[in-house]
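> Sequence plus the predicted model coming up.
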Amino acid sequence: MKQEEKTKRTRQRIIAAALEEFGTKSYESASINVICSRSKISKGLLYYNFKSKDELYLQCVTICYDEMTGFLKAKNLELYDAEKSLQKILETRQQFFEENPYLSNIFFNSVLQPPKHLLLDIQKIRQEFDKFYTACYRNLLNHLTLRDGITEEMAMEYFSMFVEMFNGFFQRKVDQGNDYHAFIQDHEGALSDILKIMLYGIAQEKS
């Protein structure tokens, strides 16, 4: 086997073990020793391929957001009715989480418990994901009649503010030491209802 192929397979084994470790624990509690043991790789060889725990974690976060964005895009979600389309987007998102539990944990950790020193890196990684969701919301607005005085750009800015406040609210709850997995369920359960409230707070209700 060529050295290039051996290196590729070694990296794949490390990443697979890291996805499981970061996919079941927070960044802080995840262990490089466990990743080495699970992948049957020495710590020296792991650090030859990934210079730090941070780099390995960010690789897993990248895989998470890339796969989630690709999954959502592949569904070709049709946006003809705002409320039905919103529900379809959220159902598709939930389907991804159910089919990819490790990536689900990595996603919510990056949103609710991100390592503070990696915040800027995570923001860069999730740009394509954020762009997709922004495009979905903009398309939803095309199927609503905005209230007088509300422009599309004002609605888009409000959406960005809403997402930050919503995630910030749950992040503070997690920081207070509450049950993390229970808050994930609450987060997803509340998201649909609150998005509807947000939409119809800026749009005229249908008669």
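All right, it came through fine. Predicted model, so just to flag it, every value in this text is computed and none were measured.
> where along the protein do the helices fall?
Along the chain, counting by DSSP state H, helices occupy 3-22, 32-39, 43-49, 53-74, 82-99, 101-112, 119-125, 127-141, 152-175, 180-202.
> Can you give the contact residues for the first one?
Put plainly, it is helix 3-22. 30-31, 34-36, 38-41, 45-46, 49-50, 56-57, 59-60, 63, 102-103, 105-106, 109 (CB atoms under 8 Å, 6 or more residues apart in numbering). Glycine gets a C-beta too; all of them are placed from N, C-alpha and C.
> Just the buried ones among those, please.
30, 34-36, 38-39, 41, 45-46, 49-50, 56-57, 59-60, 63, 102-103, 105-106, 109 (16 or more other CB atoms under 10 Å).
> neighbours around Glu153, how many?
For Glu153, the neighbour count with other CB atoms under 10 Å is 9.
> ditto for Glu164
With other CB under 10 Å as criterion, Glu164 counts 10.
> Give me the distance between it and Asp148.
26 Å (CB to CB, to the nearest Å).
> Look up the closest residue to Ser39, ignoring the ones flanking it.
Residue nearest to Ser39 in three dimensions, not counting chain neighbours: Ala17, with 3.7 Å by CB to CB, 6 or more residues apart in numbering.
> so where is this structure shaky, pLDDT-wise?
Along the chain, the model assigns pLDDT under 70 to residues 1, 77-80, 166-207.
> if you set the cut-off to 80 instead, what comes out?
1, 3, 76-87, 143, 159-207 (pLDDT under 80).
> most centrally placed residue in it?
Phe107 (3.9 Å; CA atoms, centre = their mean).
> Contacts only, for that residue.
Per CB under 8 Å, 6+ apart, neighbours of Phe107: Cys64, Tyr65, Met68, Phe97.
> Let me see the contact set for Asn109.
Phe22, Ser26, Tyr27.
> The last one: how many residues sit nearby?
Residues contacting Tyr27 under the criterion other CB under 10 Å number 18.
> And for it, nearest residue in space, chain neighbours not counted?
Pro115 (4.7 Å).
> From what I see, the one you found and Glu28 are in contact.
Yes: contact status for Pro115 versus Glu28: in contact at 7.4 Å, counting by CB atoms under 8 Å.
> what about the two, which has more around it?
Set side by side, Pro115 and Glu28 show more neighbours around Pro115, with 18 against 8, by other CB under 10 Å.
> ok, so what distance separates that one from Ser52?
Counting by CB to CB - Pro115 and Ser52 are separated by 12 Å.
> shared neighbours, the two?
With CB under 8 Å, 6+ apart, Pro115 and Ser52 have no common neighbours.
> re earlier: among the contacts of Phe107, which two are most distant?
Tyr65 and Phe97 (13.2 Å; CB to CB).
> The closest residue in space to Thr24 that isn't next to it in sequence: what's it in contact with?
Setting aside the residues directly before and after it, Thr24 is nearest to Asn105 in space (CB to CB, 6+ apart), at 6.3 Å. Contact analysis of Asn105 by CB under 8 Å, 6+ apart lists Phe22, Gly23, Thr24, Lys25.
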